[in-house]
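> Sequence unavailable; structure follows:
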């Protein structure tokens with residue numbers, strides 16, 4: 001993931017660390033999943049409000065009613 005050179009809240013010492021690099025790799029994987037869900041799956045535009053209903057929509061494909 002891209003990081004800002006100026007004005008970043010993350011210190012340069014943190015960016016050099018091994019754990020930060022691992023964290024960025026995992027973050028990218030999570031973002032790829034959301035990107036896939038928004039472009040291919042049913043997550044383009046949810047028609048429900050609330051965590052439980054949106055979760056049901058994602059797990060079932062579509063939720064009617």
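Yep, it's here. Worth saying up front: this structure is predicted, and the values here are computed from it rather than measured.
> When you work out contacts or count neighbours from here on, use the C-alpha atoms and nothing else.
Fine.
> What score does residue 51 have for pLDDT?
Residue 51 carries a pLDDT value of 85.
> Flag every buried residue along the one helix or strand residue 23 maps to.
If you go by DSSP states H and E, residue 23 is part of helix 18-39. Neighbour counts over helix 18-39 (16 or more other C-alpha atoms under 10 Å) mark no residue as buried.
> Tell me the helix or strand right after that helix.
Taking DSSP H and E, what comes next after helix 18-39 is helix 51-60.
> hang on, the earlier thing: between the helix holding residue 23 and helix 51-60, how many degrees?
Angle of helix 18-39 versus helix 51-60, following axes from the mean of the first three to the mean of the last three C-alpha atoms, to 10 degrees, is 80 degrees.
> pLDDT averaged over helix 18-39, what's the number?
Average pLDDT, helix 18-39: 87.
> tell me how far that helix is from the chain's mean position?
Between the centre of helix 18-39 and the centre of its chain there are 6 Å (C-alpha atoms, centre = their mean, to the nearest Å).
> Can you pull up the most central residue in the protein?
For the chain, the residue nearest the mean C-alpha position is residue 31 (3.6 Å; C-alpha atoms, centre = their mean).
> and that one, how far is that from residue 8?
Per C-alpha to C-alpha, to the nearest Å, residue 31 is found 20 Å from residue 8.
> what do you get for residue 56?
As defined by C-alpha to C-alpha, residue 56 lies at a distance of 37 Å from residue 8.
> out of those two, which sits in the more crowded spot?
Counted by other C-alpha atoms under 10 Å, residue 56 and residue 8 do not tie: residue 56 has more neighbours, with 13 against 9.
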